[in-house]
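Trainee: mind looking at a prediction? Sequence and model below.
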Amino acid sequence: MVPAGRVDACGAFSADNAPSAAEVPAIDRLFGQGQEATYWRVDRPECWVRPYLETPLYGRWNYPLGVTLYGLLRTGVALSAPHYTEYATGHIEQCSKWHDYAEWDRKQYGAPGLNHQLSLIDSLDDCGSFGAAMLTAKKLRPILGVEHAAAHIAHYITNVQDCLPDGAFYRTRGTVDFMKGTMWCDDLYMSTPFLSKYDELTGDERHLDDAASQFLRYKERLFIPELGIMHHVFDHKFGKPNGVPWGRGNGWVIFSLTELLMIMPPEHKLRPELLEFYRELSEGYRKLQSANGMWHQVLTDGESYAEASCTAMFIYAFARRVRHGWLEEPDLYLGGGRKRLGGTNRDMH
């Protein structure tokens with residue numbers, strides 16, 4: 001709560017660092033540069049305004065909202081329904097435009113009052129999901145603050161995230177003991193769609209190369225060749241995968257692989273190997289589809305419940321790749337999609 005009194009702009013600034021008259025009304029940015037950077041304060045000694053976000057659903061940065069917003073963006077485009085894209089881009093910009101302030105706020109006070117999971121990144125969960133949605137939104141309209149927020153994420157993934165000696169992303173800590181010293185197949189989703197889209201933004205091919213290599217590193221440890229699907233977790237404490245092919249985690253793998261293949265140039269040296277991996281996964285998942293058209297929470301356990309999100313991701317991956325001619329025997333995959341959608345071949349094109 002702001003104490004009673006006149007709110008002052010920020011002053012004082014050196015002559016060449018003072019904000020312009022047009023900048024002064026803003027509340028979503030810092031004023032001044034370098035050591036003089038500051039924010040609004042109240043006309044009382046040592047009394048400052050500090051933005052704080054309480055809402056859990058709008059202007060909040062976390063991976064579930066990143067998933068949701070990406071879906072809304074794609075839905076808005078597919079249906080020519082701008083109310084979806086306007087809502088999603090507005091939410092995203094509410095985070096990205098405050099990024100510089102939130103970073104200053106964290107350093108100034110020890111913890112940020114908003115953008116908590118972006119300013120305090122400590123895992124891939126805080127990076128790729130929302131970050132990829134942000135870069136997708138930028139293609140639809142200019143989004144304030146995207147470049148700085150994206151660079152912050154890229155720095156974490158490239159320079160801070162724990163990796164094994166071969167560069168594979170790796171969890172050294174977690175909220176419970178079993179999470180420590182593990183690799184999760186869904187971390188491919190928390191990283192590679194952002195990295196590939198960041199390559200589009202910057203033209204720095206190192207990020208695309210890293211995304212491509214991660215799939216092969218994860219395949220080495222988590223792929224089940226006799227089934228053509230992925231374990232959920234590789235546990236380095238025991239030196240082996242956990243034996244559980246989680247449906248949604250597998251959905252994240254093939255969804256993320258399709259995102260990468262859409263961006264990767266045809267001449268990229270790893271494209272043939274990744275395209276073959278995509279085909280192996282597609283065949284493995286196709287064989288495990290239930291008679292009702294869905295896949296199970298544990299792909300190999302028919303007693304586990306039918307899971308909607310992995311079903312959506314498998315069909316999405318099949319449909320997208322049929323359109324681009326990446327699958328041999330496309331009618332097999334058209335059939336898998338029709339089984340769930342109850343439609344015709346036309347629905348998959």
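Mentor: All right, it came through fine. Numbering: from 1, shown residues only.

Trainee: is it true that residue 109 touches residue 48?
Mentor: No - with contact defined as C-beta atoms under 8 Å, residue 109 does not count as touching residue 48 (9.2 Å). For every residue, glycine as well, the C-beta is placed using N, CA and C.

Trainee: more neighbours: which of the two?
Mentor: Neighbour totals were compared for residue 109 and residue 48, and residue 48 leads with 14 against 11 (other C-beta atoms under 10 Å).

Trainee: so who does the more buried one touch?
Mentor: Going by C-beta atoms under 8 Å, 6 or more residues apart in numbering, residue 48 touches 39, 40, 41, 42.

Trainee: now the third one: phi and psi?
Mentor: Put plainly, it is residue 41. With angles defined as degrees, to the nearest 10, residue 41 sits at phi -140, psi 170.

Trainee: what about it, distance to residue 48?
Mentor: For residue 41, the distance to residue 48 equals 5 Å [C-beta to C-beta, to the nearest Å].

Trainee: again, but for the second one
Mentor: Taking C-beta to C-beta as the measure, residue 40 and residue 48 are separated by 7 Å.

Trainee: with respect to residue 319, which of the contacts of residue 48 is nearest?
Mentor: Ranked by distance to residue 319 (C-beta to C-beta), the contacts of residue 48 are led by residue 39 at 47.7 Å.

Trainee: check the gap between the closest residue to the closest one other than its chain neighbours and residue 148 for me.
Mentor: In space, residue 39 comes closest to residue 30 once its chain neighbours are excluded; the distance is 6.0 Å by C-beta to C-beta, 6 or more residues apart in numbering. Distance of residue 30 to residue 148, computed by C-beta to C-beta: 12 Å.

Trainee: and for residue 269?
Mentor: According to C-beta to C-beta, residue 269 and residue 148 sit 32 Å apart.

Trainee: who's more crowded, these two?
Mentor: Higher neighbour count among residue 269 and residue 148: residue 148, with 13 against 9, using other C-beta under 10 Å.

Trainee: next, count neighbours for the residue lying closest to that one once chain neighbours are set aside.
Mentor: In this structure, residue 148 finds its nearest non-sequential neighbour in residue 99, 5.4 Å apart by C-beta to C-beta, 6+ apart. A total of 25 residues lie near residue 99 under the criterion other C-beta under 10 Å.

Trainee: surely residue 99 is in contact with residue 115?
Mentor: Yes - if you go by C-beta under 8 Å, residue 99 and residue 115 touch, sitting 6.3 Å apart.

Trainee: residues shared between the contacts of these two?
Mentor: With C-beta under 8 Å, 6+ apart, residue 99 and residue 115 have no common neighbours.

Trainee: got a list of what the residue nearest to residue 39 touches?
Mentor: 37, 38, 39, 100, 101, 104.

Trainee: what about residue 220, distance to residue 214?
Mentor: On the measure of C-beta to C-beta, residue 220 and residue 214 end up 11 Å apart.

Trainee: how about residue 326?
Mentor: Using C-beta to C-beta, residue 326 is found at 20 Å from residue 214.

Trainee: next one: residue 99
Mentor: Distance, residue 99 to residue 214, by C-beta to C-beta: 25 Å.

Trainee: can you list the low-confidence ranges for this structure?
Mentor: Filtered on pLDDT under 70, the chain yields the residue ranges 1-9, 11, 174, 327-328, 330-349.

Trainee: could you break it into its assigned domains?
Mentor: 1-49, 54-348 (automatic domain parsing).

Trainee: most tightly surrounded among the ones you listed?
Mentor: domain 54-348 (a mean of 18; mean count of other C-beta atoms under 10 Å).

Trainee: skipping adjacent residues, who's closest to the residue nearest in space to the middle of the chain in space?
Mentor: Residue closest to the mean C-alpha point of the chain, counted by C-alpha atoms, centre = their mean, is residue 129 at 1.5 Å. Excluding the flanking residues, the one nearest residue 129 by C-beta to C-beta, 6+ apart is residue 66, at 3.3 Å.

Trainee: helices or strands up against the helix or strand hosting the one you found?
Mentor: Residue 66 belongs to helix 63-79 when assigned by DSSP states H and E. With contacts defined as 3 or more C-beta pairs under 8 Å, 6 or more residues apart in numbering; DSSP states H and E, helix 63-79 has these neighbours: helix 82-96, helix 128-138.

Trainee: can I get these in JSON lines with distance to residue 161?
Mentor: Formatted as JSON lines, the helices and strands packed on helix 63-79 follow (distance: least, C-beta to C-beta, whole Å):
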{"stretch": "helix 82-96", "distance to residue 161": "20"}
{"stretch": "helix 128-138", "distance to residue 161": "11"}
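
Trainee: so which of these comes closest to residue 255?
Mentor: Taking C-beta to C-beta, helix 128-138 is the member of these nearest to residue 255, at 10.7 Å.

Trainee: check which element follows the closest one along the chain.
Mentor: Using DSSP H and E, the first helix or strand after helix 128-138 is helix 146-155.

Trainee: ok, residue 101 - contacts?
Mentor: By C-beta under 8 Å, 6+ apart, the residues touching residue 101 are 28, 29, 30, 39, 51.

Trainee: closest one to residue 298 out of those, please.
Mentor: Comparing the contacts of residue 101 against residue 298 with C-beta to C-beta places residue 51 closest, at 43.8 Å.
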